[in-house]
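> I would like the atomic coordinates for the input below:
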Amino acid sequence: MRRIDLSMPLRPGMPTFPGDVPFRVERSTSLEKGDPYNLSQLFLGSHSGTHLDPPLHFLPGGSPVDLLDLAVLNGPCRVVEVRPGASRIGLEDLPAFPSGTHRILFRTTNSARWARGEGFFPDYVALTLPAARELIERGIRLVGIDALSIESDPTEKYPVHHALLGAGIPILEGLLLQDAPPGVHELECLPLRIVDGDGGPARAILRVD
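Predicted structure coming up:
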């Protein structure tokens, strides 16, 4: 068994969704300056890099990230490779998967672009509302994608987020899936335990046989 790290490295200059806080790190004390230890301050948004969207992100009174069920975030998951050239993930891109599938990660051409070192690109592949509704009908409990947002909506009404989070389905965004083979594997995902958090930067690992 091997582990594949699906998490974006947190570093200055890393890709961020427009309007989000850029990641920054400042050294408070430094061995080079004669201090007894190195200590840094981190400046980041709650949706920096690889992160979880809990219901509170869009729904008043929704569950915050610190109250997400860890049993939902960890366990068997199916990595689905979306056809090359697809500009979105529609109903036609949802394969048949067996009953009992609860977690799904979408690997799109976004992953190859992250691997090439591209910054934020606005033409990322995103999930459509009909596909999101179908996932809800199929009993999916966690949806992940290799984009900093699961949907692309210039109207900023965000129906995909509202549909999934309204159904109690947390969204795992900002995944690096270039090295993740399609199929069923084991997901390990732990977001920062931010009390009343509207989002949580996370370390996501895929265990592959």
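
> Next, count neighbours for the residue nearest to D93 when sequence neighbours are not counted.
Nearest non-adjacent residue to D93, counting by CB to CB, 6 or more residues apart in numbering: V82, 5.1 Å away. Glycine gets a C-beta too; all of them are placed from N, C-alpha and C. Neighbour count for V82, taken as other CB atoms under 10 Å: 23.

> check contacts around V82.
For V82, the contacting residues are 89, 93, 106-109, 125, by CB atoms under 8 Å, 6 or more residues apart in numbering.

> Put together TSV for these, with secondary structure, neighbour count and distance to F23 on each row.
As requested, these are exported to TSV (DSSP: H, G, I helix; E, B strand; the rest coil; neighbours: other CB atoms under 10 Å; distance: CB to CB, whole Å):
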residue	secondary structure	neighbour count	distance to F23
I89	strand	26	27
D93	helix	18	31
F106	strand	26	24
R107	strand	24	24
T108	coil	25	23
T109	helix	17	24
V125	coil	22	23
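
> for those residues, which one is nearest L6?
R107 (10.0 Å; CB to CB).

> Just want the most central residue of the protein.
Nearest to the geometric centre of the chain sits E173, at 1.7 Å (CA atoms, centre = their mean).

> Could you report the pLDDT at the residue nearest to D93?
Looking at V82, its pLDDT reads 97.

> where's it relative to S111, distance?
10 Å (CB to CB, to the nearest Å).

> Was I right to think R24 contacts G45?
No. Using CB atoms under 8 Å, R24 makes no contact with G45, being 10.7 Å away.

> more neighbours, these two?
Taking neighbours as other CB under 10 Å, R24 and G45 compare with G45 leading, 17 against 12.

> wait, what's in contact with that one?
By CB under 8 Å, 6+ apart, the contact set of G45 is 16, 20-21, 199.

> Give the burial count for G117, as a bare number.
With other CB under 10 Å as criterion, G117 counts 7.

> Return the residues in contact with it.
Not one residue lies near G117 by CB under 8 Å, 6+ apart.

> Now for the contacts of V82: which two are most distant?
Largest separation among the contacts of V82 by CB to CB: D93 and T109, giving 12.2 Å.

> so what sits against both of the two?
Residues touching both D93 and T109 (CB under 8 Å, 6+ apart): 82, 86.

> any idea how far the residue nearest to the centre of the chain lies from F121?
15 Å.

> do K33 as well
According to CB to CB, K33 stands 39 Å off from F121.

> who's more crowded, these two?
Remark: of K33 and F121, F121 carries more neighbours, 12 against 8, as counted by other CB under 10 Å.
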